[in-house]
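Peer 1: Got a sequence here, can you model it:
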Amino acid sequence: MLDTVDLSLSLEREEYRESLLKYQVAVHDLGYQVYVQQRPVIMVFEGWDAGGKGGAIKRLTEKLDPRGYVVYPIAAPKGDDATRQYMYRFWRRLPETGQIAIFDRSWYGRVMVERIEGFCSEEDWKRAYREINQFERQLVDFGTILFKFWIHISKDEQLARFEARANDRLKRWKLTDEDWRNREKWEVYDQAVNDMLLKTSTVTAPWTVVEGNDKYYARVKVVQTVVEQLSKELNYDPFAEGALANEVKSKSVKKKKKKRKKKENKT
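Peer 2: Numbers count the residues shown, from 1 in each chain. Model prediction:
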């Protein structure tokens with residue numbers, strides 16, 4: 001499946017800046033609608049090491065109200081999380097209605113890292129495909145708007161980014177021995193990712209594969225996908241003429257109602 005991804009797609013810097021700003025402003029508008037309509041939103045980011053997940057998340061959230069979202073960087077379970085069923089730590093991080101939860105890595109570790117490194121049995125990770133599909137179906141049936149992004153890069157591009165990090169004092173901390181070990185197992189991970197995409201991309205919770213060799217293209221595709229899907233789910237067009245004005249008007253009406261209630265309570 002990943003062999004069919006066109007990694008040559010790219011954007012020029014000027015086109016990237018214009019497109020990114022356009023969709024970021026729309027995301028800001030839609031983030032307010034998430035709150036107004038009280039819909040929970042979950043965004044899952046998976047991808048190769050050095051694939052650009054952090055950069056995509058940063059651009060996605062750059063103009064969002066910080067009170068409306070939270071980013072969960074997921075690593076190996078520790079403490080209480082390590083003593084419970086593997087989905088527990090994700091259940092307890094699900095967003096409230098009107099909030100956005102962003103997972104930088106997620107429950108899909110069960111069918112990738114845990115599968116390959118032997119942290120669970122073969123029976124466990126094979127059963128996990130069904131468990132994950134059921135979990136996501138429950139979320140969507142509840143009204144959750146769910147995004148799943150796999151950011152894909154080539155093996156050569158990953159090597160170039162690893163070497164760039166190793167030679168940059170400000171980015172050197174991002175590169176670990178574990179990253180190099182994982183790279184040696186590229187083919188094994190490639191098979192696991194293909195299995196994951198095929199078995200967990202459902203009608204209710206499809207994957208979006210992002211062509212990530214060009215960071216500009218990848219970031220815009222992520223933000224654009226979020227705008228298009230949120231617009232559809234919320235039945236709200238952030239590009240419609242007067243959309244922002246209607247939002248301001250809505251806020252103004254709410255403030256007037258609050259003031260009126262306060263006066264009534266005082267009398």
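Peer 1: Ramachandran coordinates for Ile42?
Peer 2: phi -130, psi 130 (degrees, to the nearest 10).
Peer 1: what about Tyr72, which helix or strand?
Peer 2: Here Tyr72, judged by DSSP states H and E, is contained in strand 69-73.
Peer 1: Quick one: distance of the very next helix or strand once past that strand to the chain centre.
Peer 2: Using DSSP H and E, the next helix or strand after strand 69-73 towards the C-terminus is helix 88-91. Helix 88-91 sits 17 Å away from the centroid of its parent chain (C-alpha atoms, centre = their mean, to the nearest Å).
Peer 1: Restricting the selection to alpha carbons, write helix 88-91 to CSV.
Peer 2: Extracted in CSV, the C-alpha atoms of helix 88-91 (Å, rounded to 0.1, in the frame of the first residue of the first chain):
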residue,chain,number,x,y,z
TYR,A,88,-6.8,2.4,29.6
ARG,A,89,-4.4,5.3,29.2
PHE,A,90,-6.2,6.4,26.1
TRP,A,91,-9.7,6.0,27.5
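Peer 1: which strands and helices sit next to whichever helix or strand comes after it?
Peer 2: Under the assignment DSSP H and E, the closest C-terminal helix or strand after helix 88-91 is strand 100-104. When contacts are defined as 3 or more C-beta pairs under 8 Å, 6 or more residues apart in numbering; DSSP states H and E, strand 100-104 sits against strand 41-47, helix 53-61, strand 69-73. Using the backbone N, CA and C atoms, a C-beta is placed for each residue, glycine as well.
Peer 1: residue ranges for the helices of this structure, please.
Peer 2: 13-36, 53-61, 88-91, 113-117, 122-142, 155-166, 177-184, 186-200, 215-234, 243-266 (DSSP state H).
Peer 1: pretty sure Glu101 is in contact with Val41, am I right?
Peer 2: Wrong residue type there; residue 101 is Ala, not Glu. Yes. With contact defined as C-beta atoms under 8 Å, Ala101 reaches Val41; the gap is 7.1 Å.
Peer 1: what residues do these two have in common as contacts?
Peer 2: Contact criterion C-beta atoms under 8 Å, 6 or more residues apart in numbering; residues shared by Ala101 and Val41: Pro95.
Peer 1: Just want to know which of these two has more residues nearby.
Peer 2: Shown here are Ala101 and Val41; by other C-beta atoms under 10 Å, Val41 has more neighbours (25 against 19).
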